[in-house]
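Undergrad: okay, here's the prediction I keep looking at, along with the sequence it came from:
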Amino acid sequence: MKTTMISFILVMGFAMSHSVAWATNDNTVPYNDEKLQSMQAWSVENHVEKAMAAKEKFENLEAQIDEVQTRIDKLTQKPYLDTKGFKRQGLRLWKGKLINELRDVADKVVWHENQAQDMLASQDDHQQDS
């Protein structure tokens, strides 16, 4: 059952990783060398858990971006609330920061799912060889 759940999560992750929102460069590694070395001993379950946690963070960031955009739209519709545009500009900068963070989190989701898929594929190859 554990393998079935992991397989389901990986299939869903694979489908999401091929969507436009999750499109990233396959050669990018979202972690530094030290972090990569510490992740060498991770199992498939560890990568799946990390990917799921990153997906939750992705959803939270999307909600924050929507809230910021709503505030920007409100100030745009009622310019008398922000006559010089300082609040709007600050919110636009904050939104840009959140979007960059969203991209980083999406890269991590895709990377962890790819690692888990590669590990499962290598396990299947080893089982077929024996």
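TA: Nice, I can see it. Computed from a predicted structure; not experimentally measured.
Undergrad: from the chain's centre, how far out does stretch 81-100 sit?
TA: Between the centre of stretch 81-100 and the centre of its chain there are 23 Å (CA atoms, centre = their mean, to the nearest Å).
Undergrad: just the buried residues of it, please?
TA: 82, 88, 91, 95, 98 (16 or more other CB atoms under 10 Å). C-beta coordinates here come from the backbone N, C-alpha and C atoms, glycine included.
Undergrad: now the helices for this protein?
TA: Secondary structure of the chain by DSSP state H: the helices cover 2-17, 33-38, 44-77, 86-129.
Undergrad: so what's the gap between the longest one and the chain middle?
TA: Pointing back at helix 86-129 there. With CA atoms, centre = their mean, you get 3 Å for helix 86-129.
Undergrad: check which helices and strands that helix is in contact with.
TA: Helix 86-129 sits against helix 2-17, helix 44-77, with contacts defined as 3 or more CB pairs under 8 Å, 6 or more residues apart in numbering; DSSP states H and E.
Undergrad: all set now, cheers.
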